[in-house]
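Asker: could you look at this predicted model? Sequence included:
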2 protein chains.
Amino acid sequence: MPVLVVKLGGTEGVQFDAIVHDVATLHRTQPEWQLVLVHGGSAEANALGEALDYPPRFVTSPSGFTSRYTDRRTLEIFLMAVRGKVNGLLVEACQQQGLNAIGLSGLDGRLLQAKRKGAIRVVENGKRKILRGDYTGKIQAVNAGLLQVLLAHDYLPVIAPLAVSEKGEALNVDADRAAAMVAAALGAETLLLLTAAPGLLERFPDESSLIRQLPRGRLEQAMAYAQGRMKKKVLAAQEALDQGVARVIIADGRVEHPVLRALQGEGTVIM
Amino acid sequence: MPVLVVKLGGTEGVQFDAIVHDVATLHRTQPEWQLVLVHGGSAEANALGEALDYPPRFVTSPSGFTSRYTDRRTLEIFLMAVRGKVNGLLVEACQQQGLNAIGLSGLDGRLLQAKRKGAIRVVENGKRKILRGDYTGKIQAVNAGLLQVLLAHDYLPVIAPLAVSEKGEALNVDADRAAAMVAAALGAETLLLLTAAPGLLERFPDESSLIRQLPRGRLEQAMAYAQGRMKKKVLAAQEALDQGVARVIIADGRVEHPVLRALQGEGTVIM
């Protein structure tokens, strides 16, 4: 049975209801497809952190990548905003459209097993230092069996980007790469990464420079075009294709019928 | 296979780790038992509401019962605090002790299906009025099939007290009564309600007046002794027994080995 994994953002600019509506249409018209949603939630976590006087702290690695430093309090804020609210409201939106969704984080049933980074190297004010107590991780294995059991019983898994460490700790992980790992573990036919842009642009932010087709051999080149968050999506695409996913589509989540249009070839199709 | 449902409080005075430790012991020593956890979280939701300048609003019904008025914003706070944090940290505590827990709320997989109240009658300043827009509900059905599938695959369900309405809306529900409905739906042998007291006291708060055995025929009488939150536990016990649960134990969640001691007969055993 063909598997489609759809990754959507948190709340920023991406149409929650339009996406869920398309997923409900697919579930009805293509009953043989197995559907899985993966979502982000950074914007919501940042907003909650600000409201609780515990704003996010972003750090830069020596190689220039920016990431969120996740101490224990930040992890709890992440649990509340992302596992509690974003995931809960997305499951609710699915239920309202007749999809029997089940919210899961990677912590639940050891769905996403990751290696905890613990200490991270950062550059602050031109100085290199090591920050300890970080609760982020890199996913190493997926409990595909749990997803298969739920899919076999016609539930729609809705996955929040947290993982579990070897010691059972909750970890914050990148949602695009989590979606890639899930797609790979299920042998997905398609991984759809929805974003607040029409796809990968050759000359960001010129939307007329959309790349419509990208052979996987040119992905490394594409890293040069990709700006900011798009770099993580290109990386996720690479990881998914390397592990056997047939195609990855990066497409606009802000339009009407974002899922159906992407499946009809809008956005950037990478094979 | 005998089913044991354990209800624990949110974070107030009840020993999270001690309970999880006992559950891990039972899982190891009584592998034929099927275990389910249900938790509360009001204290955590209240604290988050205060921190976000949206404190809880408690209302009193014409018959004298106090409850939380749950408007949409309060529901989101409840999702964050209870489904996100309390449930997430409890699942994490289980994972750290080798229990493969899966967090669920009643919204997920339509686990707990409830009738939404919508409008509630309250008395404020001596005047009766009707408050609309309330997101609370009374559970009418449990998707026992979902729990049975997870139990059959050796997962430990950890349930947060939310439900889903007929229209797919998330609802806040009473956790003790949710535990009773889950125990009934699974034909549980035992429902264990852990609390911050040694059990049901004949003369509250005199702990030496603990009632050790209570025949179910005397439950209605017991409503007279029960104070505050204990009234909901007695009601939950009644509902569970009426629907075929063999015994209900109300016991102290603050002690060492709270689960094992309760199963050995400490607390109030109602049959």
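Answerer: The structure has been received and is ready for your questions. Numbering: from 1, shown residues only, chains lettered A, B, ... in the order given.
Asker: now stretch A:25-38: average pLDDT?
Answerer: Stretch A:25-38 shows an average pLDDT of 97 in the prediction.
Asker: which residues touch that stretch?
Answerer: With contacts defined as CB atoms under 8 Å, 6 or more residues apart in numbering or on different chains, stretch A:25-38 is touched by A:1-8, A:23, A:90, A:94, A:99, A:101, A:147, A:151, A:156-159, A:161, A:175, A:178-179, A:182-183, A:186, A:188, A:259-260. Bear in mind the C-beta positions are built from the backbone N, C-alpha and C, glycine included.
Asker: relative to residue B:91, how far out is the residue of chain A found nearest chain B?
Answerer: For chain A, the residue closest to chain B is residue A:84, as judged by CB to the nearest CB, at 2.1 Å. Distance of residue A:84 to residue B:91, given as CB to CB, to the nearest Å: 12 Å.
Asker: could you find the closest non-adjacent residue to residue A:157?
Answerer: Closest residue to residue A:157 apart from its sequence neighbours, by CB to CB, 6 or more residues apart in numbering or on different chains: residue A:36 at 5.0 Å.
Asker: how many neighbours does the one you found have?
Answerer: By other CB atoms under 10 Å in any protein chain shown, 24 other residues sit near residue A:36.
Asker: quick revisit: residues contacting the residue of chain A closest to chain B?
Answerer: Contacts of residue A:84 by CB under 8 Å, 6+ apart are B:79-85, B:88.
Asker: scan these and report the most crowded one.
Answerer: residue B:84 (33 neighbours).
Asker: what pLDDT is listed against it?
Answerer: 97.
Asker: so it versus residue A:81, what's the distance?
Answerer: For residue B:84, the distance to residue A:81 (CB to CB) stands at 7 Å.
Asker: just residue A:69 next, same as before
Answerer: 16 Å.
Asker: and residue A:207, by the same measure?
Answerer: 30 Å.
Asker: from the contacts of residue A:84, which is closest to chain A?
Answerer: Once CB to the nearest CB is applied, the member of those that ends up nearest chain A is residue B:84, at 2.1 Å.
Asker: near chain B, which residues of the stretch 1-150 of chain A are found?
Answerer: A:48, A:51-52, A:76, A:79-85, A:87-89, A:91-92, A:94-98, A:100-105, A:107-110, A:145-146, A:149 (CB under 8 Å from any CB of the partner chain).
Asker: and the strands in the stretch 1-150 of chain A?
Answerer: Here the stretch 1-150 of chain A has its strands, by DSSP state E, counting those that start in this stretch, at A:3-8, A:34-39, A:57-60, A:66-69, A:101-105, A:112-124, A:127-142.
Asker: from residue A:205, how far out is residue A:180?
Answerer: Separation of residue A:180 from residue A:205 (CB to CB): 25 Å.
Asker: who's more crowded, those two?
Answerer: residue A:180 (31 against 8).
Asker: go ahead and confirm the more buried one touches residue A:244.
Answerer: No - taking contacts as CB atoms under 8 Å, residue A:180 lies outside contact range of residue A:244: 11.2 Å.
Asker: ok, residue A:198 - contacts?
Answerer: Listed by CB under 8 Å, 6+ apart, the contact set of residue A:198 reads A:207, A:210, A:251-252, A:266-267.
Asker: measure residue A:249 to residue A:183 for me?
Answerer: Taking CB to CB, one finds residue A:249 at 11 Å from residue A:183.
Asker: thinking again about what came up before, using JSON lines, please lay out the contacts of residue A:198 together with distance to residue B:139 and neighbour count.
Answerer: JSON lines is the format used below for these (distance: CB to CB, whole Å; neighbours: other CB atoms under 10 Å in any protein chain shown):
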{"residue": "A:207", "distance to residue B:139": "49", "neighbour count": "12"}
{"residue": "A:210", "distance to residue B:139": "50", "neighbour count": "19"}
{"residue": "A:251", "distance to residue B:139": "40", "neighbour count": "26"}
{"residue": "A:252", "distance to residue B:139": "41", "neighbour count": "21"}
{"residue": "A:266", "distance to residue B:139": "43", "neighbour count": "19"}
{"residue": "A:267", "distance to residue B:139": "43", "neighbour count": "28"}
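Asker: turn these into CSV, including secondary structure and pLDDT.
Answerer: Shown next, in CSV, are these (DSSP: H, G, I helix; E, B strand; the rest coil; pLDDT from 0 to 100):
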residue, secondary structure, pLDDT
A:207, helix, 92
A:210, strand, 96
A:251, strand, 96
A:252, strand, 94
A:266, coil, 95
A:267, coil, 97
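Asker: of those residues, closest to residue B:126?
Answerer: Residue B:126 has its nearest neighbour among the contacts of residue A:198 in residue A:252, at 56.8 Å by CB to CB.
Asker: and that closest one, how far from residue B:236?
Answerer: 49 Å.
Asker: what about residue A:30, neighbour count?
Answerer: Residues near residue A:30, counting by other CB under 10 Å: 13.
Asker: do you know the pLDDT at residue A:75?
Answerer: Note on residue A:75: pLDDT of 97.
Asker: same check, this time on residue A:190
Answerer: Confidence score, pLDDT, at residue A:190: 98.
Asker: how about residue A:16?
Answerer: With respect to pLDDT, residue A:16 has a value of 86.
Asker: could you tell me how many residues sit around residue A:129?
Answerer: Neighbours of residue A:129 (other CB under 10 Å): 11.
Asker: just the pLDDT at it, thanks.
Answerer: At residue A:129, the pLDDT value in this model is 92.
Asker: now it. Nearest residue, chain neighbours left out?
Answerer: residue A:122 (6.1 Å).
Asker: go ahead and confirm the one you found touches residue A:131.
Answerer: Yes - contact criterion CB under 8 Å: residue A:122 and residue A:131 qualify, at 5.6 Å.
Asker: of the two, which one has the most company?
Answerer: residue A:122 (19 against 16).
Asker: report the contact partners of the more buried one.
Answerer: Per CB under 8 Å, 6+ apart, neighbours of residue A:122: A:59-62, A:69, A:128-131.
Asker: picking that back up, any idea which of the strands of the stretch 1-150 of chain A scores lowest on pLDDT?
Answerer: strand A:66-69 (a mean of 86).
Asker: mind checking how far that strand is from the chain centre?
Answerer: The chain centre lies 16 Å from the centre of strand A:66-69; the measure is CA atoms, centre = their mean, to the nearest Å.
Asker: give me the sheet partners of that strand and which way each runs.
Answerer: Sheet pairing of strand A:66-69 (DSSP bridges) gives strand A:57-60 (antiparallel).
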